[in-house]
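1. build me a structure from this.
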Amino acid sequence: MDKKYVVGIDIGGQSAKIGMIDRNAVISSRDRLDTTVYGPDDSGRFLNDLCNLIAKVTEAVGLDAIKGIGIGAPNGNYYDGCITDAANLPWAKGKSVNIREFISERLGLEVTLTNDANAAALGEMIYGNAKGMKNFIEITLGTGVGSGIVIDGKLVYGHDGFAGELGHTNVIREGGRKCGCGKTGCLETIASSGGVCTTAREMGMQVNSSKEVYEAALKGDATAKRVFEYTGRILGEKFADFVEFSAPEAIILFGGVANAGVMLLDPVRKAMDANLINIWKGKVKVIHSGLPESDAAILGAGALAW
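-> Next up is the predicted model:
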């Protein structure tokens, strides 16, 4: 039988999004799984529920029509197929969960795993604003801060499969916020959705989500605007470091926090250029993802399976 479809899965701290994708990048069937309901002892239950949902998403064509499954997940290791010590996934924190082996044995399909930000970068390169680019960095700003680094048209994995954890580089060494990874002062504690909320509360706002901060800023709230100016400045300063490491053509922002648009992008660009050495000033674009937030990582993960 001709294998006309692949399955792309984006696993995040809030949900796992699943899509069945054809060769024209059309997602013909999709569903999601709430990942917040799985605790430290629930890795087996999560994997079992995920397999059941894959079967549901593909039931119209059957598993025989599926070429393979691609998965993007925090701390997903391309080499060994495991999710290892993922700070935002309680069922995979402090342990290694072999998701590739479990799903492959259960469903009889080839499974390829990578970091969730790498999957988003791959989707961007094939379908989005990184078309034609061979050197760029995808930054995902959501529950965590992830990064997919592309150099000479290839994703960077490093010798152990974990390269590209730019969200866990240090921004505030003394008195910084505690990060889920166990360190203090990581970029993730500032630029993630939770980090934006913490900044807003420290500035006197009463909010429960980064979306509320964004909506307040749209209405002209001066404090909310300061939150994004602060977040953008910290991001821009770190982006200057990233540029001086890999000389990308662009840094592309993806995820919920990035939806703040120019309120975030303007201070990011200003701070980045202020901290670059002259050979890179004005040369590196900072742009928003060209794919719908719900599709980019699914498409990127699915592309791994072709």
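2. any low-confidence regions in the stretch 1-150 of the chain?
-> Applying pLDDT under 70 to the stretch 1-150 of the chain flags the ranges 1.
3. end to end on stretch 84-102, go ahead and measure it.
-> Terminal residues of stretch 84-102 are spaced 15 Å apart (Cα to Cα, to the nearest Å).
4. same deal with stretch 50-70?
-> 13 Å.
5. stretch 133-145 now?
-> Termini of stretch 133-145 sit 22 Å apart (Cα to Cα).
6. before we move on, what about stretch 124-141?
-> Chord length of stretch 124-141, first to last residue, is 15 Å (Cα to Cα).
7. one more: stretch 243-252?
-> Note: stretch 243-252 ends 12 Å apart using Cα to Cα.
8. tell me which stretches of the stretch 51-200 of the chain form strands.
-> Under the criterion DSSP state E, counting those that start in this stretch, the stretch 51-200 of the chain contains strands at 66-73, 82-84, 96-98, 111-115, 136-141, 145-151, 154-155.
9. any residues touching the longest one, and which ones?
-> What that stands for is strand 66-73. Strand 66-73 is contacted from outside by 3-11, 20, 54, 58, 83, 86, 89, 99-100, 103, 107, 109-120, 297, 300-306, using Cβ atoms under 8 Å, 6 or more residues apart in numbering. To be clear about C-beta, it is placed using only N, CA and C from the backbone, and glycine gets the same treatment.
10. picking that back up, mean neighbour count added to the strands of the stretch 51-200 of the chain, as CSV?
-> Formatted as CSV, the strands of the stretch 51-200 of the chain follow (neighbours: other Cβ atoms under 10 Å):
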stretch, mean neighbour count
strand 66-73, 25
strand 82-84, 22
strand 96-98, 19
strand 111-115, 25
strand 136-141, 29
strand 145-151, 26
strand 154-155, 16
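11. which parts of this protein are helices?
-> Applying DSSP state H to the chain gives helices spanning 43-57, 99-107, 116-127, 188-191, 193-202, 210-218, 222-246, 262-274, 293-305.
12. what helices or strands is the fourth one leaning on?
-> Right, helix 188-191. Secondary-structure packing of helix 188-191 (3 or more Cβ pairs under 8 Å, 6 or more residues apart in numbering; DSSP states H and E): helix 193-202, helix 222-246.
13. what residues of the shortest one count as buried?
-> Within helix 193-202, the residues that qualify as buried by neighbour count (16 or more other Cβ atoms under 10 Å) are Ser193, Gly194, Gly195, Val196, Cys197, Thr198, Thr199, Ala200.
14. got it, and stretch 37-54?
-> Buried residues in stretch 37-54, defined by neighbour count with 16+ other Cβ under 10 Å: Tyr38, Asp42, Ser43, Phe46, Leu47, Asp49, Leu50, Leu53, Ile54.
15. now, among the residues you listed, which is nearest to Val26?
-> Ile54 (18.0 Å; Cβ to Cβ).
16. quick one: Val196 from Lys219, how far?
-> According to Cβ to Cβ, to the nearest Å, Val196 stands 16 Å off from Lys219.
17. Asp160 too?
-> Going from Asp160 to Lys219 by Cβ to Cβ gives 46 Å.
18. give the contact list for Asp22.
-> So Asp22 contacts Lys4, Tyr5, Ser28 (Cβ under 8 Å, 6+ apart).
19. hmm, I typed the wrong one, I wanted Ser15.
-> When the contact criterion is Cβ under 8 Å, 6+ apart, the partners of Ser15 are Arg32, Leu33, Asp34, Thr35, Thr36.
20. just list whatever residues bridge to the residue nearest to it when sequence neighbours are not counted.
-> Residue nearest to Ser15 in three dimensions, not counting chain neighbours: Arg32, with 4.8 Å by Cβ to Cβ, 6 or more residues apart in numbering. Counting by DSSP bridges, Arg32 forms beta bridges with Lys17.
21. pretty sure Arg32 sits against Lys17.
-> Yes. In this structure Arg32 lies within contact range of Lys17 using Cβ atoms under 8 Å: 4.9 Å.
22. with neighbour numbers in mind, choose between these two.
-> Taking other Cβ atoms under 10 Å, Arg32 and Lys17 do not tie; Lys17 has more neighbours (23 against 15).
23. how close does the spatially closest residue to Thr169 that is not a sequence neighbour sit to Asn275?
-> Of all residues not flanking Thr169 in the chain, Leu187 sits nearest, at 5.7 Å (Cβ to Cβ, 6+ apart). Note on Leu187: its distance to Asn275, by Cβ to Cβ, is 14 Å.
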